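Visitor: sequence and predicted structure are below.
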Amino acid sequence: MCEQIAETRMRRPVITARAAATFDPVGRSVTSARAFVRDTLQGWGFTDVVDDAVVLTSELVTNAVVHAGTAADVACMRTDTGVRVEVGDRYPEREVPLQSAGVQFGSPDREGGRGLLLCAALASRWGVEYTATNKQVWFQLDLPDRPAGTRSAGPALPVGALPVTDARVRVAAIQIDSLGGISSWNEDAQDLFGFSPEQVTGKQLTDFAAWSHTPGTSTGIAEALQLSRWEGSYGIRGADGRVIPVYASHLRVRDADGAPSTVCLLVRDHERAVLQTPSRAPASERGTATDAFEVFIGSPAPDDLDGLLQRTVERARDMLDGDSAYLLLATDDETELEVRASTGLPSSRQRFARVPVEAGSGLYGSARMPAVHEDLSAVPGTVPLLNNTGMRSVVTVPLKVEGRLTGSLGVAAEAPGRYSNEEALRLQFAADRIALAVESARLTELERLRRGSLSFLVEASDLLAGTLDRDQTLALMAQMTVPTLATWCAVYTIADPASEPELSYVLHEDEDRIDGLKALLAKVDPPEPVTTPGAQVWTAPTHAAALRTSLRSLGLGDSVRPATGPGTSLATASAVGGETVVLPLVARNRVIGMLTLGKPTDEHFRQEILELAEDLSRRAALALDNARLYSERTAISQSLQRSLLPPELPDVPGVEVEVIYRAAGEGNEVGGDFYDLFPIRDGAYGFAIGDVCGTGPEAAAVTGLARHALRLLAREGFGGPAVLERLNAAILDEGARSRFLTLLYGELWPQEDDSATLKIVCAGHPLPLRLRQTGDVEAAAEPQPLLGVMDDLELYEQTVSLAPGDVLLCVTDGVTERREGTRMLGDDGLVDVLTTCTGLTAGAVAARVLRAVERFAAQPASDDMAILAMRVPEPQREPQTT
């Protein structure tokens with residue numbers, strides 16, 4: 001007997017450390033108690049049992065401070081075999097529900113009793129002790145046995161419970177330099193993704209990574225590479241264009257010289273157990289837990305919604321020993337659920353797929369109630385999300401906040417009959433703890449998204465308003481959507497209601513896919529124009545059938561060939577084979593086109609992105625229609641303006657003629673300045689250069705009147721003064737639309753002695769200049785009154801003779817009044833330029849004058865400009881013979 005007593009005492013755990021604290025009967029004490037237990041156990045190095053201890057403490061302290069309404073005493077005792085935690089309250093009369101008494105203290109319909117159920121499930125030993133003034137619940141958590149030198153270890157598991165991997169596990173090791181470029185790429189990376197080291201070295205990892213990102217929210221891969229450690233899931237685009245889901249572990253390191261780089265280890269997502277490790281930070285970095293969900297997902301909690309949801313499904317899967325798990329969030333109207341996180345499911349089920357809340361009749365047909373399905377194969381289609389996934393049993397529970405459905409959490413297994421109401425209770429317990437935190441994170445993300453969307457739309461509006469060019473508007477529409485909103489984009493335009501949609505612009509985030517995508521879409525009937533606002537899924541023809549038809553028409557069949565250009569194969573199809581939506585471009589109550597957005601195979605759009613795309617499409621449609629109207633009006637304007645310009649200049653025997661004309665204003669080909677040279681009769685030519693007051697279309701109207709009247713009157717045999725007097729009367733007849741006009745008009749007669757005779761009338765215009773062969777420059781006419789001001793004009797003409805080598809230069813005031821600040825070129829400046837033109841051809845003289853005008857000031861000319869140069873060439877001498 002003595003030996004048995006001694007043996008029992010030897011087996012009793014020895015207490016080696018103790019920590020205790022008392023917490024007031026207020027709600028925040030539960031959070032403080034969790035932090036106290038977590039920090040204490042972390043400080044003792046009991047990382048293996050800290051999460052279970054925190055969960056149990058949370059429930060027991062909640063019973064004390066919330067339900068019993070008394071202070072809670074918490075004591076942690078370290079022993080040589082584990083840890084003992086005691087939670088006491090000062091309400092000993094409170095009944096402990098007993099299972100043997102027929103009370104289901106673990107029923108999901110009861111608020112109390114869950115802490116004791118968890119104690120029975122998680123603790124090595126537990127119990128309840130009473131005194132006259134206190135009631136104390138304690139539990140013991142034993143540490144697993146570990147060999148010497150072991151930092152962490154898990155229990156031995158049967159083979160059937162081990163994680164499943166491929167026959168050969170490939171771990172891609174990629175090193176990223178400080179600029180984000182790939183500097184190292186091992187053999188397993190080549191096997192996994194199909195790229196050799198030579199193909200990727202020096203390129204940015206962002207060129208290959210498919211990172212789920214929403215404008216204005218979340219962390220991008222570039223930021224993740226700068227963190228000291230990062231672990232999670234994303235995709236890598238392989239050489240065949242498909243996105244390969246991977247699980248990655250990043251570690252920031254530095255070499256002996258202090259240069260930083262990031263080492264990335266990647267495995268296929270279904271082999272994540274190879275790299276996945278618990279994420280625990282030192283107590284000094286964690287701070288105090290503030291959210292209830294931390295008792296389920298661990299600490300530190302992810303700081304973004306996507307990370308929180310992914311951690312949640314992983315913990316739910318592990319908690320119920322499932323093969324997969326998923327979490328769906330409800331839409332605002334609670335009619336649909338959107339997949340936001342999953343693990344263990346095919347990529348098509350991973351992101352943004354939608355299922356109805358009411359999937360069928362009966363108690364288990366609604367996501368609003370917990371449900372356990374023992375064998376899905378017995379009732380196919382019961383859980384649409386799990387169709388064709390190999391999952392046989394599933395348990396789902398709702399996430400609710402204040403009675404409103406906010407989401408659904410499910411865990412599935414490949415074996416039938418894996419789950420019962422007990423597992424549903426445990427999962428519902430977890431869902432209740434995370435529902436409020438998830439909803440809070442979702443609203444925070446939604447607010448960040450709205451701010452980001454507003455900024456995006458403001459920038460988009462500025463860019464679209466900055467151009468009236470149709471082609472540039474189409475390019476901007478596509479570039480703003482790819483890759484921010486979609487993987488690829490196609491813009492269809494409709495010229496008029498009777499026209500078929502025309503594929504006008506195609507863009508893919510991978511430039512190598514653009515030609516293949518364009519060829520693919522050219523073989524597909526365009527989507528039907530609809531005026532219904534909002535995004536419509538492209539189902540006529542169904543996208544998958546269209547892809548197959550296109551592949552056959554391209555002669556690709558089902559073979560897989562490298563995607564290297566227009567002859568792309570299934571790689572191009574997979575790059576555009578995901579969800580495709582069409583948004584109508586409606587402007588001024590007319591459909592002018594469609595904006596088509598697409599995702600790669602098995603990917604879906606989230607609702608917030610579609611709403612943002614709808615806002616963008618409205619702005620883009622108006623910008624595109626404005627560009628169309630501007631282009632049409634510009635084409636009409638330019639056609640009318642070109643009709644005001646004289647036809648090709650005639651060849652004048654024995655005289656070189658050169659004209660340079662520049663109209664002020666964007667899009668104007670004709671302004672207030674004009675010129676003309678035309679035959680009057682045999683051996684006689686009329687020429688004119690004038691300037692109507694003002695610029696633009698109003699001045700151009702008077703220009704047309706003047707040019708056509710000059711030709712008509714001159715060919716009727718009127719002399720120079722008579723022609724201008726009658727033109728003056730016609731201008732005054734225009735009344736309020738009239739504009740005064742300066743005009744230099746003359747008649748030119750080439751002579752047999754290689755000279756030329758000119759009769760000139762200068763009505764208020766800058767005087768013509770004659771450059772003699774000697775280099776002297778002089779005015780060739782006298783000033784007379786301008787036209788369009790006085791009724792009675794008495795004009796006269798002056799005769800000028802041009803000898804061989806002489807030049808007559810006529811310009812408008814846009815040349816002489818060229819300004820730079822207070823400086824002006826003026827008549828004297830023009831004379832100086834012309835003096836340097838001795839011996840030059842008429843074309844060279846006009847070009848030198850234009851160059852001098854342009855160089856005089858840095859700013860573009862603000863006035864119309866016309867230059868008319870006429871030169872009598874010197875006769876060519878015949879070579880002398882000896």
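Guide: Right, received. Where do you want to start?
Visitor: what lines up beside the one helix or strand residue 397 maps to in the sheet?
Guide: Using DSSP states H and E, residue 397 falls within strand 393-401. The strands beside strand 393-401 in its sheet (DSSP bridges) come out as strand 371-373 (antiparallel), strand 404-413 (antiparallel).
Visitor: for these, which one sits closest to residue 246?
Guide: strand 404-413 (22.1 Å; C-beta to C-beta). In short, each C-beta sits where N, CA and C put it, glycine included.
Visitor: quick one: buried residues of that closest one?
Guide: Using 16 or more other C-beta atoms under 10 Å as the test for burial, strand 404-413 gives 405, 406, 407, 408, 409, 410, 411, 412, 413.
Visitor: circling back: need the residues that contact the strand holding residue 397.
Guide: Outside of strand 393-401, the residues within contact range by C-beta atoms under 8 Å, 6 or more residues apart in numbering are 320, 367-376, 383, 386, 405-413, 415-419, 423-424, 427-428, 431, 434-436, 438-439.
Visitor: give the buried subset of these as a PyMOL selection command.
Guide: In PyMOL, this line selects whichever of the contacts of strand 393-401 come out buried by 16+ other C-beta under 10 Å:
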select buried, resi 320+367+370+371+372+373+376+383+386+405+406+407+408+409+410+411+412+413+418+419+423+424+427+428+431+434+435+436+438+439
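Visitor: okay, the strands paired with strand 393-401 in a markdown table with distance to residue 302 next?
Guide: Below are the strands paired with strand 393-401 laid out as a markdown table (distance: least, C-beta to C-beta, whole Å):
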| stretch | distance to residue 302 |
| --- | --- |
| strand 371-373 | 28 |
| strand 404-413 | 16 |
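Visitor: by average pLDDT, which secondary structure element in the protein comes out worst?
Guide: In the chain, the helix or strand scored least confidently by mean pLDDT, DSSP states H and E is helix 283-286, which has a mean of 37.
Visitor: can you pull the contacts of residue 830?
Guide: The neighbourhood of residue 830, defined by C-beta under 8 Å, 6+ apart, consists of 769, 809, 811, 815, 816, 849.
Visitor: which helix or strand contains the residue nearest to the third one when sequence neighbours are not counted?
Guide: Nearest non-adjacent residue to residue 811, counting by C-beta to C-beta, 6 or more residues apart in numbering: residue 867, 5.3 Å away. Using DSSP H and E, residue 867 sits within strand 865-871.
Visitor: also residue 861?
Guide: Assigned by DSSP H and E, residue 861 belongs to neither a helix nor a strand.
Visitor: next, count neighbours for it.
Guide: If you count neighbours by other C-beta atoms under 10 Å, residue 861 ends up with 18.
Visitor: what about it, distance to residue 813?
Guide: Plainly put, residue 861 is 12 Å away from residue 813 if you go by C-beta to C-beta, to the nearest Å.
Visitor: and residue 594, by the same measure?
Guide: Distance of residue 594 to residue 813, given as C-beta to C-beta: 52 Å.
Visitor: got it, and residue 517?
Guide: According to C-beta to C-beta, residue 517 and residue 813 sit 56 Å apart.
Visitor: what about the two, which has more around it?
Guide: residue 517 (23 against 16).
Visitor: isn't the residue nearest to residue 811 up against residue 673?
Guide: No. If you go by C-beta atoms under 8 Å, residue 867 and residue 673 don't touch, sitting 9.8 Å apart.
Visitor: of all the strands paired with strand 393-401, which one is nearest residue 234?
Guide: That would be strand 404-413 among the strands paired with strand 393-401, by C-beta to C-beta, at 22.7 Å.
Visitor: C-terminal to the closest one, what's the next element?
Guide: Under the assignment DSSP H and E, the closest C-terminal helix or strand after strand 404-413 is helix 421-465.
Visitor: report the angle between that next one and strand 404-413.
Guide: Put simply, helix 421-465 runs at 120 degrees to strand 404-413, going by axes from the mean of the first three to the mean of the last three C-alpha atoms, to 10 degrees.
Visitor: list the helices and strands helix 421-465 packs on?
Guide: helix 114-122, helix 294-297, helix 305-319, strand 371-373, strand 393-401, strand 404-413, helix 470-481, helix 607-644 (3 or more C-beta pairs under 8 Å, 6 or more residues apart in numbering; DSSP states H and E).
Visitor: dump these to JSON lines, plus distance to residue 41 and mean pLDDT.
Guide: What follows is these, written out as JSON lines (distance: least, C-beta to C-beta, whole Å; pLDDT from 0 to 100):
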{"stretch": "helix 114-122", "distance to residue 41": "14", "mean pLDDT": "72"}
{"stretch": "helix 294-297", "distance to residue 41": "14", "mean pLDDT": "54"}
{"stretch": "helix 305-319", "distance to residue 41": "19", "mean pLDDT": "84"}
{"stretch": "strand 371-373", "distance to residue 41": "34", "mean pLDDT": "87"}
{"stretch": "strand 393-401", "distance to residue 41": "29", "mean pLDDT": "89"}
{"stretch": "strand 404-413", "distance to residue 41": "27", "mean pLDDT": "89"}
{"stretch": "helix 470-481", "distance to residue 41": "51", "mean pLDDT": "87"}
{"stretch": "helix 607-644", "distance to residue 41": "41", "mean pLDDT": "82"}
